[in-house]
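Participant: what would the 3D arrangement of this be:
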Amino acid sequence: VAKSKAEEMKAMVKKCHETFCAEFADIEKDGIELNIENCEIPTKALPEDVQSNLINAVMAAHDGVLRYIPTIPEVVETSSNLAIIHIEGGKASIAILARSSCDSMKLYLCNSLLTCFSMAGMKVKFEGGYGGWQPNTKSPLVAEMSAVYEKMYGKKPLVQVCHAGLECGIIGVNYPEMDMASFGPTLMSPHTPNERCLIPTVGKFY
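Facilitator: Model (predicted):
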């Protein structure tokens with residue numbers, strides 16, 4: 001930003017800060033920080049047309065929930081997470097996690113992301129994929145496990161569909177006839193630096 005527009009830039013950042021803090025007040029209890037500081041002019045910069053293509057692609061790419069499970073509308077089925085944008089050495093890379101319990105919807109999501117970034121002239125590579133695990137509401141195994149749990153602890157278990165990557169999805173692709181259930185101790189804040197296990201639940205499930 002040119003020096004002549006420094007105050008205008010500071011005012012915009014201040015307005016964004018106030019907007020975000022108000023919007024996420026119930027979630028970000030400690031507030032949100034936005035900082036602006038003076039710096040040296042970079043020796044190199046992206047050409048304006050490349051900048052525009054990159055920003056447009058990021059803005060157009062789907063991020064967040066795409067669809068809930070039609071038969072269980074309170075549970076997410078398909079989503080994407082535009083996680084990391086890295087620019088260095090004249091190259092830009094964008095890492096996105098696309099996942100779904102439904103393989104056809106994951107393919108649809110991946111194709112839409114492919115289209116978005118291809119239109120911006122970027123190369124797209126898919127890797128690390130694994131099969132989804134469709135919920136079986138008539139699972140004999142889940143019914144049996146629920147009955148055992150109720151007998152042991154005197155209350156019905158909370159049976160949930162999980163919007164996450166599990167080994168069951170990989171196993172299920174190779175053994176589609178297998179009835180499966182996943183259970184374990186309570187995890188807090190999974191996939192974050194604060195991930196931890198609720199120790200009192202370990203012995204119970206062991």
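Participant: spatially central residue in the protein, please.
Facilitator: Asn81 (3.8 Å; Cα atoms, centre = their mean).
Participant: ok, now which ones touch that residue?
Facilitator: Asn81 sits next to 63-64, 96-98 when contact means Cβ atoms under 8 Å, 6 or more residues apart in numbering. C-beta here means a position set from N, CA and C on the backbone, and glycine is covered the same way.
Participant: do the same with Glu28
Facilitator: Applying Cβ under 8 Å, 6+ apart to Glu28 gives the contacts Cys21.
Participant: can you tell me how far it sits from Cys16?
Facilitator: Distance of Glu28 to Cys16, computed by Cβ to Cβ, to the nearest Å: 14 Å.
Participant: over to Val1?
Facilitator: Using Cβ to Cβ, Val1 is found at 14 Å from Cys16.
Participant: longest strand of the chain?
Facilitator: strand 72-88 (DSSP state E).
Participant: got the confidence number for the residue nearest to the centre of the chain?
Facilitator: pLDDT recorded at Asn81 is 93.
Participant: ok, the one 5 residues further on next?
Facilitator: Looking at His86, its pLDDT stands at 93.
Participant: which residues touch the closest residue in space to it that isn't next to it in sequence?
Facilitator: Excluding the flanking residues, the one nearest His86 by Cβ to Cβ, 6 or more residues apart in numbering is Ser93, at 4.9 Å. Applying Cβ under 8 Å, 6+ apart to Ser93 gives the contacts 84-87.
Participant: what's the answer for Pro135, then?
Facilitator: Pro135 sits next to 69, 71-72, 101, 161 when contact means Cβ under 8 Å, 6+ apart.
Participant: ok, and the most crowded of these?
Facilitator: Neighbour counts for these peak at Ser101, which has 24 neighbours (criterion: other Cβ atoms under 10 Å).
Participant: is it true that that one touches Tyr130?
Facilitator: No: using Cβ atoms under 8 Å, Ser101 makes no contact with Tyr130, being 11.4 Å away.
Participant: what distance do you get for the residue nearest to Phe126 when sequence neighbours are not counted to Ser79?
Facilitator: Closest residue in space to Phe126, ignoring its immediate chain neighbours: Cys110 at 6.1 Å, by Cβ to Cβ, 6+ apart. Using Cβ to Cβ, one gets 12 Å for the distance from Cys110 to Ser79.
Participant: got it, and Asp49?
Facilitator: From Asp49 to Ser79 the distance is 31 Å (Cβ to Cβ).
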